[in-house]
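Participant: Sequence and predicted structure, then a few things I'm wondering about:
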Amino acid sequence: MDAEVLVVGAGPAGIAVAACLSRKGIDALVLDRGEAVGDSWRHRYDRLHLHTPRIQSGLPGMRIPAGFGKWVSKDDMAEYVRRYAQHNGVTPRFGTAVRRLEPDGHQWRALTSDGEVSARQVVIATGYSCSPVRPRWPGQETFAGEVVHASEYRSPAAYVGRDVLVVGAGNTGAEIAADLAENGAARVRLSVRTAPNIVPRQLGPLPTTMMSIPMEYSPAWLVDPVNRLLQRWTLGDLTRHGMPAAPAGLVAQARATGVTPTIDVGLVRALRAGSVTPVTAVDRFEGSDVVLVDGTRFAPDAVIAATGYTTGLRPLVGHLGVLDAKGNPRVTGARSLRAAAGMRFVGLSNPLKGQLFQIRLDARTTARVIARELRGS
């Protein structure tokens with residue numbers, strides 16, 4: 001046996017679990033295909049800041065430095081995760097991809113790019129946004145312009161003076177559209193397939209995601225009418241600016257689809273100014289044209305597909321029956337996060353109260369349960 005506990009992934013979730021295990025006297029082997037702690041944040045687009053405030057985003061046992069501000073930038077977040085790992089003595093083995101997990105008696109066998117590793121317990125912490133979903137529209141191969149996934153977007157510099165279509169009105173698409181509109185793109189359209197619930201980042205001094213914590217445990221019929229009133233009061237009627245109304249309330253939509261609300265960090269201002277134009281979903285490409293489902297056609301210079309991510313877990317554990325139809329983990333409960341004997345998932349959910357806040361809770365729970373199981377075996 002190479003380790004008592006194998007942690008797959010050295011992002012915030014994996015590092016947090018390893019740190020919590022260490023405090024209980026358990027050394028975890030952390031494997032990651034990347035190059036350094038914090039890479040999952042460091043390589044994102046320049047404008048990105050956390051949508052949860054600093055006080056809601058720290059990992060167990062170490063606060064994010066106050067000097068990083070209320071809304072932490074992606075580079076500061078990468079630095080915080082690096083410091084957190086160093087402070088807790090967590091030293092992942094990088095450049096090692098875990099390709100498949102197999103049960104082997106009372107332990108687990110991991111097939112990696114560096115050979116086999118065995119462990120009594122496994123924690124999968126590869127991240128909710130692991131693998132980009134790259135759509136393939138009919139006729140896309142004939143399109144003369146540029147088509148990229150939002151994961152490849154870094155800054156608006158490459159799009160100055162260009163006509164850009166952003167596909168997807170979730171948090172990433174909305175922020176990229178605003179970034180382009182504010183920084184010199186000639187025209188920005190935002191393709192909306194399912195209208196999101198758009199909310200302000202904060203109400204007065206109170207961050208919106210802090211209000212979302214009790215909403216996780218409240219019935220949608222109770223809180224969504226209040227949410228609708230707050231949305232209208234703070235943002236106004238966005239249908240006047242071309243943004244369709246969400247088909248369901250904030251909590252109901254999140255529970256039905258797994259998609260959290262779109263936090264406004266510039267989109268609403270751009271909609272009001274007319275610098276971002278909402279359009280319907282993309283149907284196909286025809287030569288230099290994009291054709292929408294309502295028949296509208298135009299010829300953008302570039303298309304940025306903010307079409308989301310998958311967990312990318314099927315090659316790793318898809319054969320074990322621990323994933324649902326969408327490729328997300330099936331777990332026995334929020335407290336145990338258990339998918340199979342000796343296997344748990346951390347950081348692979350998308351809760352209203354924020355991923356980092358949930359990671360802080362789940363890392364502690366996971367370490368406590370694993371320590372109890374190892375000592376009892």
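Facilitator: Looks like it arrived, so ask away.
Participant: all contacts plus neighbour counts: C-alpha atoms, from now on.
Facilitator: Will do.
Participant: Do a quick rundown of the helices in this structure.
Facilitator: For the chain, the helices defined by DSSP state H cover 12-23, 39-42, 74-87, 171-182, 208-215, 220-235, 250-257, 267-273, 314-317, 355-376.
Participant: Average pLDDT for the lengthiest strand in the chain, rounded please.
Facilitator: Longest strand of the chain, by residue count under DSSP state E: strand 115-124. Averaging pLDDT along strand 115-124 yields 96.
Participant: got a list of what Pro315 touches?
Facilitator: Pro315 makes contacts with 99-100, as judged by C-alpha atoms under 8 Å, 6 or more residues apart in numbering.
Participant: switch to 6 Å and redo it
Facilitator: By C-alpha atoms under 6 Å, 6 or more residues apart in numbering, Pro315 lies in contact with nothing.
Participant: so Gly184 sits right up against Ala158, yeah?
Facilitator: No - at 9.8 Å, Gly184 does not count as touching Ala158 under the criterion of C-alpha atoms under 6 Å.
Participant: These two - which one has more neighbours?
Facilitator: Between Gly184 and Ala158, counted using other C-alpha atoms under 10 Å, the more crowded position is Gly184 (16 against 12).
Participant: where does the more buried one fall, phi/psi-wise?
Facilitator: Gly184 has phi and psi values of phi 100, psi 0 when expressed as degrees, to the nearest 10.
Participant: Grab the nearest non-local neighbour of it.
Facilitator: Closest residue to Gly184 apart from its sequence neighbours, by C-alpha to C-alpha, 6 or more residues apart in numbering: Val160 at 4.7 Å.
Participant: For burial, what's the neighbour tally of the one you found?
Facilitator: 15.
Participant: For Leu203, name its beta-bridge partners.
Facilitator: Leu203 has these beta-bridge partners by DSSP bridges: Leu206.
Participant: Now do the same for it: its pLDDT.
Facilitator: 91.
Participant: Quickly note the distance from it to Ile263.
Facilitator: 12 Å (C-alpha to C-alpha, to the nearest Å).
Participant: Run through the residues that contact the residue nearest in space to the middle of the chain.
Facilitator: Centroid check for the chain by C-alpha atoms, centre = their mean gives Ser129 as the closest residue, at 4.6 Å. By C-alpha under 6 Å, 6+ apart, the residues touching Ser129 are 309-311.
Participant: does the residue nearest to Gly184 really touch Ala185, like I thought?
Facilitator: Yes - the pair Val160 / Ala185 is scored as a contact, 4.4 Å apart, by C-alpha under 6 Å.
Participant: Okay, now the unreliable bits of the chain?
Facilitator: For the chain, residues meeting the criterion pLDDT under 70 lie at 1, 332-336, 377.
Participant: Kindly recompute the last result at 80.
Facilitator: Scanning the chain for pLDDT under 80 picks out 1, 331-339, 376-377.
Participant: any idea how it splits into domains?
Facilitator: Listed by automatic domain parsing, the domain ranges of the chain are 3-130+311-376, 136-305.
Participant: burial count for Gly347?
Facilitator: Using other C-alpha under 10 Å, Gly347 has 25 other residues around it.
Participant: That one and Pro12: what is the separation?
Facilitator: 8 Å.
Participant: Quick check on Leu203 and Ile263: which one has the bigger neighbour count.
Facilitator: With neighbours defined as other C-alpha under 10 Å, Leu203 and Ile263 compare such that Ile263 has more, 24 against 12.
Participant: these two touch, right, that one and Asn197?
Facilitator: No - taking C-alpha under 6 Å as the definition, Ile263 is not a contact partner of Asn197, at 8.6 Å.
Participant: and the end-to-end length of stretch 93-107?
Facilitator: 20 Å.
Participant: Please list the outside residues in contact with it.
Facilitator: Against stretch 93-107 from outside (C-alpha under 6 Å, 6+ apart): 31-35, 108-113, 119-120, 316.
Participant: end to end, how far does stretch 337-349 reach?
Facilitator: Termini of stretch 337-349 sit 11 Å apart (C-alpha to C-alpha).
Participant: Buried residues in that stretch, which are they?
Facilitator: 337-340, 342-349 (16 or more other C-alpha atoms under 10 Å).
Participant: Need the contact partners of that stretch.
Facilitator: So stretch 337-349 is in contact with 13, 121-125, 127-128, 322, 330-332, 359, going by C-alpha under 6 Å, 6+ apart.
Participant: And for stretch 63-72?
Facilitator: 49-50, 53-54, 58.
Participant: Can you tell me which of those is nearest Gly274?
Facilitator: Gly274 has its nearest neighbour among these in His49, at 24.2 Å by C-alpha to C-alpha.
Participant: The closest one contacts Asp76, doesn't it?
Facilitator: No - in this structure, His49 is not within contact of Asp76 by C-alpha under 6 Å, at 9.0 Å.
Participant: what's near enough to touch Ser131?
Facilitator: By C-alpha under 6 Å, 6+ apart, Ser131 lies in contact with 309-310, 312.
Participant: Counting neighbours, what do you get for the nearest residue to Ala28 once chain neighbours are set aside?
Facilitator: Spatial nearest neighbour of Ala28, excluding adjacent residues (C-alpha to C-alpha, 6+ apart): Val5 at 4.9 Å. For Val5, the neighbour count with other C-alpha under 10 Å is 27.
Participant: Quick check: the closest residue to Asp362 other than its chain neighbours vs Gly145, distance?
Facilitator: The shortest distance from Asp362 to any residue other than its chain neighbours is 6.4 Å, reached at Val346 (C-alpha to C-alpha, 6+ apart). Taking C-alpha to C-alpha as the measure, Val346 falls 39 Å from Gly145.
Participant: likewise Gln107?
Facilitator: According to C-alpha to C-alpha, Gln107 and Gly145 sit 51 Å apart.
Participant: swap in Asn227?
Facilitator: Relative to Gly145, Asn227 is positioned 40 Å away (C-alpha to C-alpha).
Participant: With Arg232 instead?
Facilitator: For Arg232, the distance to Gly145 - C-alpha to C-alpha - is 38 Å.
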